[in-house]
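Asker: I'd like to go over a predicted model; first the sequence, then the structure.
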Amino acid sequence: MAEIPLYFVDLQDDLDDFGFEDYGPDCDSMRITAFLDIPGQDNLTPLARLEKYAFSDNIFNRQIIARGLLDVFRNFSNNEEDFLTVMEIVVRLSEDAEPTVRTELMEQIPPIAIFLQESRPNFPLAFSEYLMPIVVRYLTDPNNQVRKSSQEVLLILLEQDLIFQNDIENKVCPILLDLSAPDSDDEYKAEAVNIICKMASMLSKSTVERLLLPRFCELCGDGKLFQVRKVCATNFGDVCNAVGQEATEKFLIPKFFELCSDSVWGMRKACAECFMAVSYTTSSEVRRTKLSPLFINLISDPCRWVRQAAFQSLGPFISTFANPSSAGLYIREDGTLSIRPPAQDITPISGSTSSCVNITSSCSGNPEHIKSDPLTEGISIETSNFLHVENSHISGMEKRMTCPASAEEELIQSCQSDSCYAIKDANDSQVNNCQGLKKACSGSSEDLFNNFLYWRTPLPDISQDLELLQTKTEQQEEGCCIPDTVCKKCVASSEIKKVLESLQEHMMNDPDVQAQVQVLSAALRAAQLDSMSDSEIKNAEKSHEEVSSSEPSSTTENQNTVSSASSQNELLEAKVIQSTDSEKRLNGTSEHLQKEQRFDPTPFEDHKSKLQDIIPQQLLDQYLSMTDPARAQTVDTDIAKHCAYSLPGVALTLGRQNWHCLKDTYETLASDVQWKVRRTLAFSIHELAVILGDQLTAADLVPIFNGFLKDLDEVRIGVLKHLYDFLKLLHADKRREYLYQLQEFVVTDNSRNWRFRYELAEQLILILELYNPSDVYDYLMHIALKLCADKVSEVRWISFKLVVAILQKFYSNNASALGLNFINELIIRFRHCPKWVGRQAFAFICQAVVREECIPVDQFVEHLLPSLLSLASDPVPNVRVLLAKALRQTLMEKAYFRNAGNPHLEVVEETVLALQSDRDQDVSFFATLEPKRNIMDTAALEKQN
């Protein structure tokens, strides 16, 4: 609407040329059609005069009428007969042979439509019967400018919902379908498809799917004009969003595949740019199985421009795989991230990501919403993927020892189904899944303890194993008839070796596995030093070799092994391992090791596996390759910046349990030689901290954050703008380390960069709540005082607010002694400042203190009021002006000073009277000005001074 001009200005010369001399330049509010109201000009009525000029031979007269149609309708809207006559004149005027007249007329349609909408009770069908046909007819106008104008007007009318649904279906859509027909003119067809794509988002889903979708699909395969296909590809995402998931997958996805393989590289580039919008409207299955391979093809496209667009869209495309249930986060209505949505907002998703729901729920502090699997008691499918390779049959067989016979068969069937799934995905996700489980559960509380949530705890010492084995063996012999040879003291030692062998294949990829191997090796050595004889050790090793030789090598063999009745030895050994693990978790040794694994970074952190199952692995590999210097040469010099820009979205998609996949990439970007890459990360590090949680933030983000603090100002400003958001996520002890570093923000590379210091003052006002009064006094107070003396007035004014906030912090936390010291510091620095700017600042601070009531009034009148009143004798008028404003407009308006019995009222009134008789006019003016008449802002006055 705002883009459509209502009138043209500067028409006075033209008016004079065509007989409109009566309206000179003094008529600022002249209406374009005001000449219609001149009585006695030609003895014609206004309506007849309108018709005369509307069909005049002079083009300019007709343009004047077209420009002023809105005023004409307002003048004649009181009479229905005259109104209909004006409508008929407009219809005849729309057939004018001059294109400029038709264009002027079309530009007036939107405001006229709004006017008719407001007066619809009087003229309900006027727009539909008279003006809508003009808009539709102009879509086929031979003049290009008229057509463009009508297209813009049509979209405006649709956006404002000014067209009836019946007109859309019976007038607008048919003409667009005719213009976009295969035998239509090429120019008209290109324009029509552009309108169809743009109006798709403004119409109802049923209308688009029924009337426009078939034609859109035809145009996507138009082999005559590549411009038509280009328009379809550019707007493909909007059309998908308009028709919904079902129609997208049924009709549009096949066409999208065709466009992505088009011979014209511009088509493929347009598809890459809208890939995220298309993916957003599809199901997770289609996104994973169809769109992901298609996107990989675009990334490897022979055309550099296509690859560039694909890599720019890679991060947004990956973000469409995100799910709040798997990530442990959700996005509020205001766009901010929050940890764990309410239970009613969590909806499990199908596919691989649904298996993350239980684990992330338990780690988010919502134990009441945890769903327990009958077999694994809450363990996710991802965890069982890796557990099965080493001891998946153990977890099931342990339960088998205590279950009735009827439940045993069900347990074995469940274990077999899990085994099939585990073997299928073992090569892709086993290592990563266990790492993800360990990290995801790092925040769970003790009341959520579950044996399956800790998959690699160390074995206890052998003496406890042997004692437990003896008691368990007696129970096993009664219920399960386990052979006596299995229940020897060497079982625990052999099992340690067995677990060690199973861990060897993962030792190179996972530092946690290496740590586990070291613990188990120590336990094995302790077992060998026990009282067991050499013969017993040899028998144990022999038994271990026999058991190891029967390890499953395929899915079928694994199922047979689990369900076979001849594996009683393995059942007992599994029971021993699981039982001793449970006993060990009750003491502090296992907990200490888990804490070290959870918080202490290992020296092999850089070699962690990049495997995960949230998104297709190929997409993640391509995303991680965006930091490769070769990509900058072959794809785009700014590819690292695009990678940094979309990294928070990718991290949210993968979840904190898969942060190890992105950690190396993030560190590479944080050390990039381009400052704009580091700047991008600096602006989003606070959002990434929310995604990762406090533990990973302290371990991985804090070092990078510290590096940004010492970077260029262009990078530091990104950290500074969200300093409060980042610091509040840290633990109190870690947050306190930054108190001393905050003063480094006062120093900038360019002293003229005053906005940097202004931002610092704003952040400090927020940061005050994160620290106790003593820390504020020792560190932040000195920064505030330094900012109050800044050379730039804007920095000083925001710093005065910071000073008031600090005083409020002291007195609201019962730290009146610190507040009194701060007040004395203010008096010394500002009241007795040799520069008048400092004394003026003191007056403003006192005014703000009174206005905000940040300190008790008795403290104010005792410590600040005498120094404030002494400014009445200041030789600089600017200081006395601000004093007059503070006393007259703020101090005397408080109830405390309006009380007649107030002992301080008399001295305040005397000061005000003295200021009213001041020799400076501005001082006396503000001293006598009533508060309600105050029309000037204090900050504005300071700027003027």
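Answerer: The structure has been received and is ready for your questions. Please read these numbers as outputs of a predicted model, since none were measured by experiment.

Asker: Scan the helices and strands of the chain for the one with the lowest mean pLDDT.
Answerer: helix 357-363 (a mean of 33; mean pLDDT, DSSP states H and E).

Asker: Residue 834 belongs to a helix?
Answerer: No: under DSSP: H, G, I helix; E, B strand; the rest coil, residue 834 sits outside any helix and is assigned coil.

Asker: so who does it touch?
Answerer: With contact set as Cβ atoms under 8 Å, 6 or more residues apart in numbering, residue 834 has no partners. (Each C-beta comes from the backbone N, C-alpha and C, glycine too.)

Asker: Please report the distance of it from residue 841.
Answerer: 13 Å (Cβ to Cβ, to the nearest Å).

Asker: tell me the SS of residue 252?
Answerer: Quick answer, by three-state DSSP: residue 252 is helix.

Asker: what sits against it?
Answerer: 213, 217, 236, 239-240, 243, 278.

Asker: Next step: those residues restricted to helices.
Answerer: 213, 217, 236, 239-240, 243, 278 (DSSP state H).

Asker: What about those residues, which one has the most neighbours?
Answerer: residue 239 (29 neighbours; other Cβ atoms under 10 Å).

Asker: Which residue is the nearest non-sequential neighbour of that one?
Answerer: Sequence neighbours aside, residue 200 is the residue nearest to residue 239 in space, at 5.0 Å (criterion: Cβ to Cβ, 6 or more residues apart in numbering).

Asker: how about that neighbour, what does it touch?
Answerer: Residue 200 neighbours (Cβ under 8 Å, 6+ apart): 208, 212, 216, 235, 238-239, 242-243.

Asker: one step back: which residues are in contact with both of residue 834 and residue 841?
Answerer: Joint contacts of residue 834 and residue 841 (Cβ under 8 Å, 6+ apart) do not exist.

Asker: who are the neighbours in contact with the closest residue to residue 264 other than its chain neighbours?
Answerer: What sits nearest to residue 264 in space, not counting adjacent residues and going by Cβ to Cβ, 6+ apart, is residue 226, at 5.0 Å. Listed by Cβ under 8 Å, 6+ apart, the contact partners of residue 226 are 262, 264, 266-267.

Asker: Sort out for me which of those are in helices.
Answerer: Assigned to helices by DSSP H, the following of these qualify: 266-267.

Asker: could you redo the contacts of residue 226 as TSV and give each row pLDDT?
Answerer: Output for the contacts of residue 226, formatted as TSV (pLDDT from 0 to 100):
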residue	pLDDT
262	92
264	92
266	93
267	93
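
Asker: out of the ones in helices among the contacts of residue 252, who's nearest residue 147?
Answerer: residue 239 (22.4 Å; Cβ to Cβ).

Asker: So that closest one sits against residue 199, correct?
Answerer: No: at 10.4 Å, residue 239 does not count as touching residue 199 under the criterion of Cβ atoms under 8 Å.

Asker: Using the record's assignment, carve the chain into domains.
Answerer: 28-163, 871-934 (the TED database).

Asker: Make JSON lines from the ones you listed and add mean neighbour count to it.
Answerer: JSON lines is the format used below for those (neighbours: other Cβ atoms under 10 Å):
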{"stretch": "domain 28-163", "mean neighbour count": "17"}
{"stretch": "domain 871-934", "mean neighbour count": "17"}
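
Asker: Adding distance to residue 230 and mean pLDDT, write those domains out as a markdown table.
Answerer: Formatted as a markdown table, the domains of the chain follow (distance: least, Cβ to Cβ, whole Å; pLDDT from 0 to 100):
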| stretch | distance to residue 230 | mean pLDDT |
| --- | --- | --- |
| domain 28-163 | 18 | 84 |
| domain 871-934 | 60 | 84 |
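
Asker: Reformat the ones you listed into a markdown table and put distance to residue 747 next to each item.
Answerer: Output for the domains of the chain, formatted as a markdown table (distance: least, Cβ to Cβ, whole Å):
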| stretch | distance to residue 747 |
| --- | --- |
| domain 28-163 | 50 |
| domain 871-934 | 30 |
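
Asker: Let me know which of the ones you listed is the nearest to residue 765.
Answerer: Nearest to residue 765, of these and by Cβ to Cβ, is domain 871-934 at 20.4 Å.

Asker: For residue 702, see how far away residue 60 is.
Answerer: From residue 60 to residue 702 the distance is 72 Å (Cβ to Cβ).

Asker: Same question for residue 621.
Answerer: Taking Cβ to Cβ, one finds residue 621 at 28 Å from residue 702.

Asker: Looking at those two, which is more packed in?
Answerer: For residue 621 versus residue 702, the count of surrounding residues by other Cβ under 10 Å is larger for residue 702: 18 against 12.

Asker: In contact with residue 852, which residues are there?
Answerer: 804, 808.

Asker: State the distance from it to residue 786.
Answerer: 22 Å.

Asker: ditto for residue 824
Answerer: 17 Å.

Asker: Next: residue 692.
Answerer: Per Cβ to Cβ, residue 692 is found 34 Å from residue 786.

Asker: And the pLDDT at residue 567?
Answerer: Looking at residue 567, its pLDDT is 39.

Asker: Low-confidence regions, the protein specifically.
Answerer: 1-43, 120, 122, 324-496, 498-609, 900-901, 931-945 (pLDDT under 70).

Asker: Which parts of this structure are strands?
Answerer: 329-331, 337-339 (DSSP state E).

Asker: Could you report the neighbour count for the nearest residue to residue 178 once chain neighbours are set aside?
Answerer: The shortest distance from residue 178 to any non-neighbouring residue, by Cβ to Cβ, 6+ apart, is to residue 184 (6.9 Å). For residue 184, the tally of surrounding residues (other Cβ under 10 Å) stands at 14.
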